[in-house]
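1. what follows is a predicted protein model with its sequence.
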Amino acid sequence: MLHINQENPQQRLIDQAVECLKQGGVIAYPTDTVYGIGCDIYNQKAVKRVYQIKKRPKGKPFSFICCSLKNVSQYCFLSNTAYRLMKKNLPGAYTFVLPAMKIVPKIMMSKQKTVGIRVPDSRICEMLARTLGNPILTTSAAITGEPPLIEAYEIEERLGTQVDIIIDGGPVYPEPSSIISLVSEEPEVLREGKGDIELFFK
């Protein structure tokens, strides 16, 4: 368990978590919407472990966290419209569905070659992805079909030995991100959640 300050994360503790990710570890961490679990998207063994922890069907890919919009553009094709809308609303409680570039591992893509991208409004998430140097898989720290967990100690009780490090950043009251597809020119809302969807239709 690492106690990290949400507002002003301690770099040495972020480094500790990133070292774990580099070695193929799975970590639990707070985002701006829920506590998440994740790993380095390029470590296939770790990605498979997350599928097992979540009891999630293989054909259902996970989203991943980038540290900035510039970082997103290294992994996804962004139209001018997509770039403009994302620039206006990131970081924030959104998951954007975008066409993936070849650099993205196949296990992270849908059959349509799209991916779900997040740039959460969370210093911890931003620093983890920036320090690692590539995106981090993200999914809620709950077993599929069970309610999300609010406190780090609940994750320890429920997932304990299945994750290698739990980052305690205080309670996170779960509210899923809004999912918006920017695959075509017109934004399409796939799920309304915490992020204000009205901002995409003004």
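-> Sure, I can see it. Numbering: from 1, shown residues only.

2. could you pull out the helices for the protein?
-> Counting by DSSP state H, one finds helices in the chain at the ranges 11-22, 44-54, 69-72, 80-89, 123-132, 152-159.

3. contacts for the fourth one, please.
-> It stands for helix 80-89. When contacts are defined by C-beta atoms under 8 Å, 6 or more residues apart in numbering, helix 80-89 is touched by residues 69, 72-73, 78, 96, 98, 119, 182, 185, 187, 195, 199-200. (Each C-beta comes from the backbone N, C-alpha and C, glycine too.)

4. got the buried residues for it?
-> 82, 85-86, 89 (16 or more other C-beta atoms under 10 Å).

5. of those, which is the nearest to residue 129?
-> Of all the buried residues of helix 80-89, residue 129 sits closest to residue 86, with 15.7 Å by C-beta to C-beta.

6. separation between that closest one and residue 3?
-> Distance from residue 86 to residue 3, counting by C-beta to C-beta, to the nearest Å: 32 Å.

7. before we move on, what about residue 200?
-> Applying C-beta to C-beta, the value for residue 200 to residue 3 is 36 Å.

8. out of these two, which sits in the more crowded spot?
-> When neighbours are counted by other C-beta atoms under 10 Å, residue 200 comes out ahead of the other of residue 200 and residue 3, with 19 against 12.

9. circling back: now render the contacts of helix 80-89 as TSV, adding distance to residue 56 and pLDDT.
-> Compiled in TSV, the contacts of helix 80-89 are given as follows (distance: C-beta to C-beta, whole Å; pLDDT from 0 to 100):
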residue	distance to residue 56	pLDDT
69	28	96
72	24	97
73	28	96
78	28	97
96	21	98
98	21	98
119	23	98
182	24	97
185	31	88
187	27	95
195	23	95
199	30	92
200	28	90
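
10. quick one: residue 178 and residue 198 touch, right?
-> No: when contacts are counted by C-beta atoms under 8 Å, residue 178 is not listed as touching residue 198 (10.3 Å).

11. so for the two, which sits in the more crowded spot?
-> Neighbour tally, residue 178 and residue 198, criterion other C-beta under 10 Å: the higher count belongs to residue 178, 23 against 6.

12. show me the contacts of helix 80-89 that map onto strands.
-> When the contacts of helix 80-89 are checked against strands using DSSP state E, the ones located there are 96, 98.

13. what's the most distant pair in the contacts of helix 80-89?
-> The two members of the contacts of helix 80-89 with the most space between them (C-beta to C-beta) are 119 and 185, at 21.2 Å.

14. higher neighbour count, these two?
-> Neighbours were counted for residue 119 and for residue 185 using other C-beta under 10 Å; residue 119 has more, 24 against 9.

15. list the contacts for the more buried one?
-> Residue 119 touches 65-69, 71-72, 86, 90-92, 126, counting by C-beta under 8 Å, 6+ apart.

16. and for residue 29?
-> Listed by C-beta under 8 Å, 6+ apart, the contact partners of residue 29 are 17, 35-38, 124-125, 128, 166-167, 169.
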